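Participant: Sharing a model prediction with you, sequence too.
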Amino acid sequence: MTNHWNDLQWTDCALIMGANPAENHPISFRWLTKAKEKGGKIISVDPRYTRTSAVSDMYAPLRSGTDIPFVGGMIKYAIENNLIHKEYVVKYTNASFIVKEGYDFNDGLFSGYDEAKRVYDKTKWAIETTPDGKPVKDETLQHPRSVFQLMKKHYSRYDVDTVTAVTGTPKEDYLSVCKTFCETGKVGKSGTILYAMGTTQHTVGSQNVRIFAILQLLLGNIGLPGGGINAMRGESNVQGSTDFGLLWDNLTGYLAAPKATVPEHATLDGYLKKETPPSGYWSNKPKFVVSLLKSWYGTSATKDNEFGYQFLPKGNKNYSHINLFKAMFNNELEGAFLWGTNPVVGGPNAGKEKEALGNLKWLVAVDLWETETSAFWQKEAGNDPSRINTEVFLLPACSSFEKEGSISNSSRWMQYRWKAIEPKGESRPDLDIVHELAVKLKKLYANSPESADKPFLALDWNYGTGEAPDLDQIAKEINGYDLKTGKLLKTFGDLKEDGTTSSGNWIYSGFYPEEGKNLSQRRDNKDTGGGNFLNWSFAWPANRRILYNRASADPSGKPWSQDKAVIWWDDAQKKWVGNDVPDFKAVTAPTEPGGTGAFMMNKDGVALLFAPTMNDGPFPEHYEPFESPVPNAFSSVEYNPAIVINDGEFNKRGFKVDYPIVATTYRVEAHWQSGSMTRNQEWLSEIARYMYVEISEELAKEKGINNKDKVIVTSARGKIEAYALVTKRYKPFTLKGKKVHQIGMPWNFGYKGYATGATANRLTPHIGDANTMIPEYKAFLCDIRRA
Ligand SMILES: Nc1nc2c(c(=O)[nH]1)N[C@H]1C(S)=C(S)[C@@H](COP(=O)(O)OP(=O)(O)OC[C@H]3O[C@@H](n4cnc5c(=O)[nH]c(N)nc54)[C@H](O)[C@@H]3O)O[C@H]1N2
Ligand SMILES: Nc1nc2c(c(=O)[nH]1)N[C@H]1C(S)=C(S)[C@@H](COP(=O)(O)OP(=O)(O)OC[C@H]3O[C@@H](n4cnc5c(=O)[nH]c(N)nc54)[C@H](O)[C@@H]3O)O[C@H]1N2
Ligand SMILES: [Mo]
């Protein structure tokens, strides 16, 4: 989230698109309800009329996979009706930058496309620079190659008629959403966009988020209270896990993992040169990287050995979830640890992922329960246990209530949690399990002459001598030290690139200062102003609650409006003051270089309307999902031209002749994820007992299906049986005068626990987004009939 949960109370309009927070993030409604009491409006945009829609002021349906046309049309509407915040756009975005000749967009493709490799040459999307490397600008925004004009041209194609013929949204509903949300472009108003998996789980998932950002920047909504673009994170600590490098291509703190395929990454020096931009806050990257290496490898990290950089693995493959399972399927992996995950229910094309597990020699599952995954070898229809040779170990982990440590929520708040009860049975905290493994393996490998074992032996593992690791030691390591004095660091501003500081995660540096204590344990619930609660826990970075808060003030440092003031320049005190920790050094005057840089992480201090960094184009463009019932109305390019096509058996593609119905998947309030946590609870199992499929009354009639009938849903990957839930929540879409049906189903079911039922993921495609590889769980084709 750019903002935080409590801050939602200040919004004038919340556009909830691609999420159902009334069920999945109920805490949001505590604050959205307050916003409503103050006159704020809530809009729900979802293919299905959800519980969120039911408490919203406005609802607009759209066919799954058509968010880019929906928002693209809003961008056109805002520009044409003069609703944008012009000064904000000129000063705080790259709208005025001139794009070099060579950039082009033609029939769905940007310039630089290599059809054989399915990749773009992004150098074709460069910004024109002066001899000293500064962007060339036209602040009148009139230059035909200015970002603003190119963007305007790009979205001029997204007119209301074309958009609604693609999304299937009734025109009046669509126009009401445009009008209501775009009113937040007025100075003194702020609007927020709340999103989650309905947005990201698409082959255009990253561009779905990008187009939200563009709209919010045009309306001047980022950096303001009640504004921003707010990703409601999923699992309670998923924010923390990505902060700490759990994504396959990241080290902690969003530093790129070195790759064998990037020649410059062969040395630390080369890596730093390649990955460090010349300006913006990321220009400090060498300090973060060297401090990270120092905290991982301690005294084994010296200047002479590139601070242990060569200990880091340098992969040559994409090992996102989708590719890992493909590798498993192709016998490229010998064994796997599946730590707190249940892919036999939650993975895309789960039937095939289950098959892939059988190709492992060994599998270690660490979980609270025996799940469909650790029990994948057991007898189930179509399974022959005698043919599976995988040796499975199940290590019992204890639940969050039985251990202590911190979790980071969507607000970026790192909150410490204490143990409530002792662990049951032989279960142990995950950290203890990791710790014991590491200690035992270190002993086992101590005398190994193998060079492959050197990195593991070089790891500094100094978390005490007990059976359990010393949590305080770990917390301090994350914060980081001044290695010369042995003192804890106060801020990441003190990190050095010469090996004299350490920090296990630079973005958290400062949460455990020498004088204080672990700030994630702070529980002072006094409002410090603006509902920001600065003394409650610790928010990264630097305890800042609203990211990009510099943009809440005009270039001279005066709030755009008193109603939406966050920080402002106090000329008497010669510093930034207000309700939040300022975006940059508090003493940087607006008149100084960088003083207007509201987006300080970026190279030129501005936000990117035009983003030459994306794999699938600098502007979001509509492509149909990998499986779609209609041709693309915007170009002759069918689906995202930059996605990796997983040919072969793992991902059979379905076509509308066999599978004419659009399907989507979602979660239900009474179940948590793959269901291990809830389908093993009698009470929750009673509330949501059976697997079902929601279908419209119209489709039910066409197919002769009655409410509660058993039905069979098929896709190119498989078939499942479920109960029909005939509902008014779905309505057929009318696309260019033709009727297209959509159905939806929960993905929380499996064959373990009390409440059992068919797994929706037996149907979903094994295809991912062009930038992140997140699977396209939210839009695919199927058919349905009575069982
Ligand atoms: N009770 C409960 N709460 C949970 C979870 C749980 O399992 N149970 N899981 C947690 C986790 S890990 C996560 S990631 C979050 C997920 O939170 P959400 O993203 O809210 O979860 P979903 O229900 O999967 O999807 C949200 C909505 O997206 C809609 N949708 C489908 N396709 C599209 C589309 O193309 N465009 C748009 N605009 N909408 C679409 C669906 O109809 C659905 O209503 O929830 C968290 N909270
Ligand atoms: N079709 C479809 N599929 C989806 C989605 C969708 O919207 N549609 N959503 C996707 C999303 S957003 C997510 S996040 C994934 C989730 O996919 P998974 O992470 O595979 O699913 P979970 O059920 O959250 O699995 C977590 C497991 O961890 C165990 N567990 C709980 N607490 C602990 C603990 O403290 N320690 C350990 N070791 N284990 C613990 C639980 O018992 C459970 O078995 O599913 C994805 N799959
Ligand atoms: Mo999630």
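Facilitator: Noted; the coordinates are in hand. Ligands and ions are numbered 1, 2, ... in the order given.
Participant: Show me which positions of the helix or strand that contains F181 end up buried.
Facilitator: Secondary structure from DSSP states H and E places F181 in helix 171-182. Buried residues in helix 171-182, defined by neighbour count with 16 or more other Cβ atoms under 10 Å: 173-178, 180-182. (Each C-beta comes from the backbone N, C-alpha and C, glycine too.)
Participant: what do you get for stretch 348-367?
Facilitator: 348-360, 363-367.
Participant: if we look at ligand 1, which of the residues you listed are close to it?
Facilitator: For ligand 1, no contacts are drawn from those by Cβ under 6 Å from any ligand atom.
Participant: Among those residues, which are located in helices?
Facilitator: Counting by DSSP state H, the part of these found in helices is 350-357.
Participant: Closest one of those residues to ligand 1?
Facilitator: Of all these, ligand 1 sits closest to A350, with 15.6 Å by Cβ to the nearest ligand atom.
Participant: so how far is ligand 1 from the nearest residue to that closest one once chain neighbours are set aside?
Facilitator: Closest residue in space to A350, ignoring its immediate chain neighbours: N761 at 3.7 Å, by Cβ to Cβ, 6 or more residues apart in numbering. Remark: distance between N761 and ligand 1 (Cβ to the nearest ligand atom, to the nearest Å) = 12 Å.
Participant: Let's verify N761: helix, strand, or coil?
Facilitator: Counting by DSSP: H, G, I helix; E, B strand; the rest coil, the backbone at N761 sits in helix.
Participant: Pull the number of nearby residues for it.
Facilitator: Using other Cβ atoms under 10 Å, N761 has 29 neighbouring residues.
Participant: The closest residue to F401 other than its chain neighbours and M414: what is the separation?
Facilitator: Spatial nearest neighbour of F401, chain neighbours left out: A420 (4.4 Å); criterion: Cβ to Cβ, 6+ apart. Computed as Cβ to Cβ, to the nearest Å, the A420 to M414 distance reads 19 Å.
Participant: One more: R48?
Facilitator: Distance from R48 to M414, by Cβ to Cβ: 35 Å.
Participant: more crowded one of these two?
Facilitator: Neighbour totals were compared for R48 and M414, and M414 leads with 26 against 22 (other Cβ under 10 Å).
Participant: can you confirm the more buried one is in a helix?
Facilitator: No - counting by three-state DSSP, M414 is not part of a helix but strand.
Participant: Report the contact partners of the closest residue to it other than its chain neighbours.
Facilitator: Spatial nearest neighbour of M414, excluding adjacent residues (Cβ to Cβ, 6+ apart): S520 at 4.2 Å. S520 sits next to 406, 414-416, 475, 511, 537-538 when contact means Cβ atoms under 8 Å, 6 or more residues apart in numbering.
Participant: Next: I214.
Facilitator: So I214 contacts 71, 75, 151, 609, 619-620 (Cβ under 8 Å, 6+ apart).
Participant: pLDDT and distance to ligand 2 added to those residues, as TSV?
Facilitator: TSV is the format used below for the contacts of I214 (pLDDT from 0 to 100; distance: Cβ to the nearest ligand atom, whole Å):
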residue	pLDDT	distance to ligand 2
V71	99	21
I75	99	27
M151	98	31
L609	98	28
F619	98	27
P620	99	21
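Participant: Which of those fall within helices?
Facilitator: Per DSSP H, the contacts of I214 map to helices at 71, 75, 151.
Participant: which of the residues you listed has the most neighbours?
Facilitator: Neighbour max across the ones in helices among the contacts of I214 (other Cβ under 10 Å) = V71, 28 neighbours.
Participant: Fine by me, we can end here.
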